[in-house]
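# give me coordinates for this.
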Amino acid sequence: MTRLSVNINKIATLRNARGGNNPDVIKVALDCERFGAQGITVHPRPDERHIRYTDVLQLKDVVKTEFNIEGYPDDRFMRIISLARPAQATLVPDSPDAITSNAGWDTLKHAHFLTERIKQIKSYGVRVSVFVDPIPRMIEGAIKIGADRVELYTEPYAHEFLVNKEVAVKPYKECARIADEGGLGVNAGHDLDLNNLGYLALHIPYLEEVSIGHALICDALTYGLENTIQLYLKQLRQN
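Here you go, the predicted structure:
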């Protein structure tokens, strides 16, 4: 079954809005695991507007499932990875002031830079996933630079899903096939929710992991965190 990794950035955003430690990011991460999540994802940004570097270092000692750290692979990020040694590092091409990830890597244009960073991260014993758009040549580029996985950027899928499900999923099926045949694992994330998750997982049978934060935390306001995680897992189990 496709694993569910819960991105807890929004929990940290809520905490930071008032100062103090409510909600407790570490406790929520442990609760997510207790409620069935198979991974915890964080994306520490330079301004620490949500997840802080201290959060990452605390989480590395308590997360028992798969710990995934996302970010732009600058020197700061590389130091975090060297210290935290998560199960997975997901490389994204965000600028420091980006509100959220909004595009994948050009794995051809940035091949040299990514190759060197991937090699360094792998030397720490950390699996590397590269955030990419659902474009075949970008998948092929990811294979050449030595990535272990790709994370397919699913915002375009989420938007098109509301109009035409078959059209929405088509490029993802093709790119996932290319990745799988090239020896890459396939992850996915961004704007996945209870409406569109099951359909994506159904059409990508070798989807290894989805990382979901914003929609899941929003749903938890209505359904509660434990029930929400079970609802997302149910979408994955149906396929």
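# buried residues in the helix or strand that contains Leu221?
Following DSSP states H and E, one finds Leu221 within helix 214-223. For helix 214-223, a neighbour-count test (16 or more other CB atoms under 10 Å) marks 214-217, 219-220 as buried. (Glycine included, C-beta is placed from N, CA and C.)
# need those residues in CSV (columns: pLDDT).
Below are those laid out as CSV (pLDDT from 0 to 100):
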residue, pLDDT
His214, 96
Ala215, 98
Leu216, 98
Ile217, 98
Asp219, 98
Ala220, 98
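# among those residues, which one sits closest to Gln88?
Leu216 (18.5 Å; CB to CB).
# what pLDDT does the residue most central in space within the chain get?
By CA atoms, centre = their mean, the mean C-alpha position of the chain lies nearest to Ser211, the distance being 4.0 Å. Looking at Ser211, its pLDDT reads 98.
# now the residue lying closest to it once chain neighbours are set aside: how far from Glu116?
Closest residue to Ser211 apart from its sequence neighbours, by CB to CB, 6 or more residues apart in numbering: Gly189 at 3.9 Å. Distance of Gly189 to Glu116, computed by CB to CB, to the nearest Å: 25 Å.
# burial measure for Val167, as a count.
Number of residues near Val167 (other CB atoms under 10 Å) recorded here: 11.
# name the residues that touch the biggest helix by length in the chain?
Ranked by residue count, the top helix of the chain under DSSP state H comes out as helix 165-181. For helix 165-181, the external contacting residues (CB atoms under 8 Å, 6 or more residues apart in numbering) are 132, 134-136, 138-140, 142-143, 149-150, 152, 154, 156-161, 185-186, 188, 196, 199-200, 203-204, 206-207.
# how about 7 Å then?
Contact with helix 165-181 is made by 134, 136, 139-140, 150, 152, 157, 160-161, 186, 199-200, 203-204, 206-207, as judged by CB atoms under 7 Å, 6 or more residues apart in numbering.
# also stretch 11-22?
23, 25, 28, 49-51, 55, 217.
# how far does the helix holding Leu221 sit from the chain's center?
A distance of 17 Å separates the centroid of the chain from that of helix 214-223, by CA atoms, centre = their mean, to the nearest Å.
# continuing past it, what's the next helix or strand?
Taking DSSP H and E, what comes next after helix 214-223 is helix 225-237.
# what angle separates that following helix from helix 214-223?
Put simply, helix 225-237 runs at 130 degrees to helix 214-223, going by axes from the mean of the first three to the mean of the last three CA atoms, to 10 degrees.
# can you point out the buried residues in helix 225-237?
Buried-residue list, helix 225-237, by 16+ other CB under 10 Å: 225, 228-229, 231-233, 235-236.
# next, Ile69: secondary structure please.
strand (DSSP: H, G, I helix; E, B strand; the rest coil).
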